[in-house]
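Engineer: sequence unknown, structure follows:
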Ligand code: DMJ
């Protein structure tokens, strides 16, 4: 969507019409004199004409003084002037001295200001005025986020173009993700959404000209990271740039996008996926190996032989969509077999350990958490269901994913949710030793994806109001949405509790059973200082997106304006503490002190996710509507099968 410039029309207010205001006879005469032809032509008048003017003015003064003395008891003139909706009463004095002063007073420069399109006292117009103010504020905020994105991109372009990531302090690039220019591909659809066509061109042409040789030459990449960032980014760019005609009208773009032909993005995506497929085909089970050597088209497990549960279960949105676009089912088949296999494995109230073995196909270890290595397993259960329900994978039924999700969320509520003391923040803890071990009150920032996921699951991407009207929400959905809002608050307080206003990577929470004399966030005005413990090793911030991601989703679904304010505070904290003058934004080593020590890395997800979600948060909800698009775990929007979304409403209509 284009960044809309603020026009004078946007800023224009309606003004009271001075014609209808009460005026004294004195004013009538003097204004007549001042607005006469004499005044208009005065620039060219001679001395004689000027003297004649003064005489007329003198006569007018004597007449008015006489008239006023006769009506002095009633001479108090009250003017009601409405300034920005407030009514001010100005009482004018009386007497000849006052009249003399008034004679020389300049006429008012502007009539009094009214709220836009109406007068105070009319509620619906006042509400509309408020709404306009809000839209205007949002446009300003969106522009600020787009400026931040440009600053991040410029730093990357100047010092690291073609590398995976920017090291903004040492002003160079680093290939931490296998060397496919990850920042470029991760950023492209954000630039499209913001309507930044010059960046769309720069990124687009790099992908057209340079990516093929990288795909041919580069070595080892991680299957999951490459899928969510690079494959997801290419597929989303294809869709948003109009590759799939049927969806381009829906996403809300107001800019004609430049860059290569969309088919280029699809070609690159397919080339990459063909190389990644070996991770599935060389594994003895449906669980893919974690690493692929691109140039050799070979794959191997991680050094410890294990894959992360979240990694193997967060490939399906991308591979399935590629199958749909290419007409070749092999991508979707391989990825969906993973979930079909996971369905058959034993779980603990729907919860799963964070490791899985591609050799045995079984979970490994007991550790259960929704933070690192566990997170997007839960996210994709509901998102893949949203994407494919109604369309089905090769006609198959994906309702098992919704069932797995519902069971898992029950497990989360039964086993992982507690409240902190003394102030009662609702947080998601861990079971490091599995079902028989004890609860551990640690929550990664990564877990802050959960409010957004819960809200999506509860309303299927519709607003809460619409979902309620359509009778789509069960009691459980309503409970889940409430839980989403509670956890959202906790995630926000993880930011608000620190001196910098930025969250640490990990927080621990005080509970009845767990006390630790750890560090506090440092913001003395936070009422949650005693609830949240920040350990020394956890005080860093990597510019992560999860909290603003959930703010975006929750705002779309609940329409509660507090989420806009929370997002704006977080954005301003990023601006104050992570912006690097020479270009880019840096991670931080410690969010609890001022100035915070910096870390020399700008993660690709800051451009791909954090700034995108902030931009969308402040924008129009018709852009990428959540009942038509699903965001992959790296914030790349992919279209939802139309039938799926329509089915919700038809089946409800039929049932009722
Ligand atoms: C991103 O790469 C993805 O959101 C992933 O699912 C989790 N970690 C990072 C962002 O924090």
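Structural biologist: Looks like it arrived, so ask away. Since the structure is predicted, the reported quantities are computational estimates derived from the model, not experimental observations.

Engineer: so is the closest residue in space to residue 516 that isn't next to it in sequence in a helix, a strand, or just coil?
Structural biologist: Leaving aside its sequence neighbours, residue 516 sits nearest to residue 533 (C-beta to C-beta, 6 or more residues apart in numbering; 5.3 Å). Where you see a C-beta, it was placed from the backbone N, CA and C, and this is true even at glycine. Here residue 533 is recorded as strand under DSSP: H, G, I helix; E, B strand; the rest coil.

Engineer: give me every residue that touches the closest residue to the ligand within the stretch 101-250 of the chain.
Structural biologist: Using C-beta to the nearest ligand atom, the single residue of the stretch 101-250 of the chain nearest to the ligand is residue 228, 6.0 Å away. By C-beta atoms under 8 Å, 6 or more residues apart in numbering, the residues touching residue 228 are 314, 315, 318, 632, 633, 634, 636.

Engineer: Let me know the closest of the residues you listed to the ligand.
Structural biologist: residue 633 (3.6 Å).

Engineer: one step back: residue 432 versus the residue of the stretch 101-250 of the chain closest to the ligand, what's the distance?
Structural biologist: Distance of residue 228 to residue 432, given as C-beta to C-beta, to the nearest Å: 26 Å.

Engineer: Next: residue 558.
Structural biologist: 33 Å.

Engineer: Provide the secondary structure category for the residue of the stretch 401-550 of the chain found nearest the ligand.
Structural biologist: The ligand sits closest to residue 544 of the stretch 401-550 of the chain, with a gap of 4.0 Å, by C-beta to the nearest ligand atom. Counting by three-state DSSP, the backbone at residue 544 sits in coil.

Engineer: Show me what the closest residue to residue 629 other than its chain neighbours bridges to in the sheet.
Structural biologist: Distances taken as C-beta to C-beta, 6+ apart put residue 637 closest to residue 629, at 4.3 Å, once the chain neighbours are dropped. Assessed by DSSP bridges, residue 637 has beta-bridge partners residue 631.

Engineer: how many neighbours does residue 637 have?
Structural biologist: 25 (other C-beta atoms under 10 Å).

Engineer: How about the residues of the stretch 251-400 of the chain by the ligand?
Structural biologist: Neighbours of the ligand within the stretch 251-400 of the chain, by C-beta under 6 Å from any ligand atom: 375, 376.

Engineer: in the stretch 251-400 of the chain, what residue is nearest the ligand?
Structural biologist: residue 376 (4.6 Å).

Engineer: downstream neighbour of the helix or strand where that residue lies in the secondary structure list?
Structural biologist: Assessed by DSSP states H and E, residue 376 sits inside helix 375-388. Counting by DSSP H and E, the next helix or strand C-terminal to helix 375-388 is helix 399-411.

Engineer: Give me the phi and psi angles of residue 184.
Structural biologist: Main-chain dihedrals, residue 184, degrees, to the nearest 10: phi -60, psi -50.

Engineer: contacting residues around it?
Structural biologist: Residue 184 is in contact with 161, 162, 203, 206, 207, counting by C-beta under 8 Å, 6+ apart.

Engineer: I figured the last one was touching residue 269, is that so?
Structural biologist: No. In terms of C-beta atoms under 8 Å, residue 207 does not count as a neighbour of residue 269; the distance is 10.0 Å.

Engineer: Check residue 516 and give its pLDDT.
Structural biologist: Confidence at residue 516, expressed as pLDDT, is 88.

Engineer: quick one: secondary structure of it?
Structural biologist: Quick answer, by three-state DSSP: residue 516 is coil.

Engineer: What count of nearby residues applies to it?
Structural biologist: Neighbours of residue 516 (other C-beta under 10 Å): 11.

Engineer: Over to residue 592?
Structural biologist: Applying other C-beta under 10 Å, I find that residue 592 has 20 neighbouring residues.

Engineer: distance of it from residue 504?
Structural biologist: 8 Å.

Engineer: circling back: spit out the contact partners of the residue of the stretch 401-550 of the chain closest to the ligand.
Structural biologist: Counted by C-beta under 8 Å, 6+ apart, residue 544 has contacts 445, 446, 503, 505, 603, 605, 610.

Engineer: quick one: low-confidence parts of the stretch 101-250 of the chain?
Structural biologist: For the stretch 101-250 of the chain, the stretches with pLDDT under 70 are 101-133, 135-136, 246-249.

Engineer: Do a quick rundown of the helices in the stretch 551-656 of the chain.
Structural biologist: Counting by DSSP state H, counting those that start in this stretch, the stretch 551-656 of the chain has helices at residues 562-578, 604-605, 611-617, 642-655.

Engineer: Touching the third one from outside, list them.
Structural biologist: Contact with helix 611-617 is made by 142, 145-146, 148-149, 152, 189-190, 193-194, 545, 548-549, 551-552, 555, 563-564, 567, 570-571, 623-624, 635, as judged by C-beta under 8 Å, 6+ apart.

Engineer: Filter these down to the buried ones, ChimeraX style.
Structural biologist: Entered in ChimeraX, the line below selects the buried ones among the contacts of helix 611-617, by 16 or more other C-beta atoms under 10 Å:
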select :142,145,146,148,149,152,189,190,193,194,545,548,549,551,552,555,563,564,567,570,571,623,624,635
